[in-house]
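Q: quick one: sequence plus predicted model below, questions after.
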Amino acid sequence: MTIGLKQAQLKLAELVQQAQPGDQIAIQRNGQIVAEIAVGARPVRRTPGRLKGKIHFVGDDDDSHLADFKDYM
């Protein structure tokens with residue numbers, strides 16, 4: 001649903017009450033969308049250690065990975 005800024009200001013409580021999970025409300029000003037509201041979207045919970053083992057550091061002294069790009073240098 002797309003709604004103008006002034007109308008959104010007047011009917012915000014009504015819009016929130018009628019919105020269903022998964023709905024998106026786009027608010028526009030002068031024909032351009034300035035805000036989007038996703039209803040029922042849950043933020044991803046940040047947990048320490050969630051990416052453990054998935055991120056690998058390539059140190060400054062390790063140039064072995066550059067051999068793959070030799071033709072492009």
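A: Received, thanks. Numbering: from 1, shown residues only.
Q: residue ranges with poor pLDDT in this protein?
A: Applying pLDDT under 70 to the chain flags residues 41-43, 58-62.
Q: mind listing the helices for it?
A: For the chain, applying DSSP state H gives helices covering 5-18.
Q: next one: A19 from G31, what distance?
A: 23 Å (C-beta to C-beta, to the nearest Å). Where C-beta positions appear, they are placed from N, C-alpha and C, glycine not excepted.
Q: of the two, which one has the most company?
A: Just comparing A19 and G31: by other C-beta atoms under 10 Å the higher neighbour count belongs to A19, 16 against 6.
Q: so that one touches I25, yeah?
A: Yes: counting by C-beta atoms under 8 Å, A19 does reach I25; the two are 6.7 Å apart.
Q: who touches both of those two?
A: Common neighbours of A19 and I25, counting by C-beta atoms under 8 Å, 6 or more residues apart in numbering, are V39.
Q: count the residues that sit near D63.
A: With neighbours defined by other C-beta under 10 Å, the count for D63 comes to 9.
Q: now swap in the one 10 residues further on and tell me
A: Here the number of neighbours of M73 (other C-beta under 10 Å) works out to 5.
Q: give me every residue that touches L15.
A: So L15 contacts 3, 8, 25 (C-beta under 8 Å, 6+ apart).
Q: mind redoing it with 10 Å?
A: L15 makes contact with 1, 3, 7-8, 23, 25, 27, 37, 39, according to C-beta atoms under 10 Å, 6 or more residues apart in numbering.
Q: now, which of the residues you listed lie within strands?
A: Applying DSSP state E to the contacts of L15, the entries found in strands are 3, 25, 27, 37.
Q: give me the nearest residue to the last one, chain neighbours excluded.
A: Meaning I37. I25 (4.4 Å; C-beta to C-beta, 6 or more residues apart in numbering).
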